[in-house]
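*Asks:* Next input, structure requested:
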Amino acid sequence: MICGLLGEKLSHACVIRRCVELVGKENLYQIIDFIHSKNRLAMADISTFEEGIMNSDLGADILSTTLSGYTTYSETNSTEPDFELVKELTSTTDTPVILEGRIWLPDEVKKAFELGRI
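*Replies:* Below you'll find the model as predicted:
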């Protein structure tokens, strides 16, 4: 799934493995480049570390853990946020990371900020 909301300040590029299979990395780069040509930021919804690194390398401005635990290859029974994914990404890339999904308690928000990300 790839979606661009070019009328907004932030364009949302939902990029999962199936997209890479369908359109290929080069086309994803072109989509992100097109979003940038409209003076918008490109945000990538990811479910795994590999997707995060790939999207960072392709030029995404923001990574969001929205899909972590919700794809067939990242399913989990955990009810907690994917702090490990955030930790891995923030120690590997300078691309800002947004922790999204399964955040229920104020302490979980605090922990996300302690990781240096929101």
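*Asks:* ranges for the helices of this structure?
*Replies:* 17-37, 49-58, 83-92, 106-114 (DSSP state H).
*Asks:* Low-confidence regions, this structure specifically.
*Replies:* The model of the chain has pLDDT under 70 over residues 1-23, 116-118.
*Asks:* same thing but at 50, please
*Replies:* Flagging of the chain using pLDDT under 50 yields the residue ranges 1-8, 15-16.
*Asks:* ok, residue 47 touching residue 68?
*Replies:* Yes: between residue 47 and residue 68 there is a contact under C-beta atoms under 8 Å: 5.0 Å. Just so you know, the C-beta spots here come from the backbone N, C-alpha and C atoms, and that holds for glycine as well.
*Asks:* Now do the shared contacts for the two.
*Replies:* Counting by C-beta atoms under 8 Å, 6 or more residues apart in numbering, the contacts common to residue 47 and residue 68 are residue 74.
*Asks:* Compare those two and say which is more crowded by neighbours.
*Replies:* Applying other C-beta atoms under 10 Å to residue 47 and residue 68 shows that residue 68 carries more neighbours, namely 27 against 24.
*Asks:* can you count the residues close to residue 94?
*Replies:* Residue 94 has 7 neighbours, counted by other C-beta under 10 Å.
*Asks:* Offset the numbering so it begins at 46, please.
*Replies:* All right, first residue 46 from here; so that's residue 139.
*Asks:* mind listing what it touches?
*Replies:* So residue 139 contacts nothing (C-beta under 8 Å, 6+ apart).
*Asks:* Please report how far residue 72 lies from residue 118.
*Replies:* 21 Å (C-beta to C-beta, to the nearest Å).
*Asks:* Next, the distance between the ends of stretch 115-128.
*Replies:* With C-alpha to C-alpha, to the nearest Å applied, stretch 115-128 spans 15 Å between its terminal residues.
*Asks:* Buried residues in it, which are they?
*Replies:* Using 16 or more other C-beta atoms under 10 Å as the test for burial, stretch 115-128 gives 119, 126, 127, 128.
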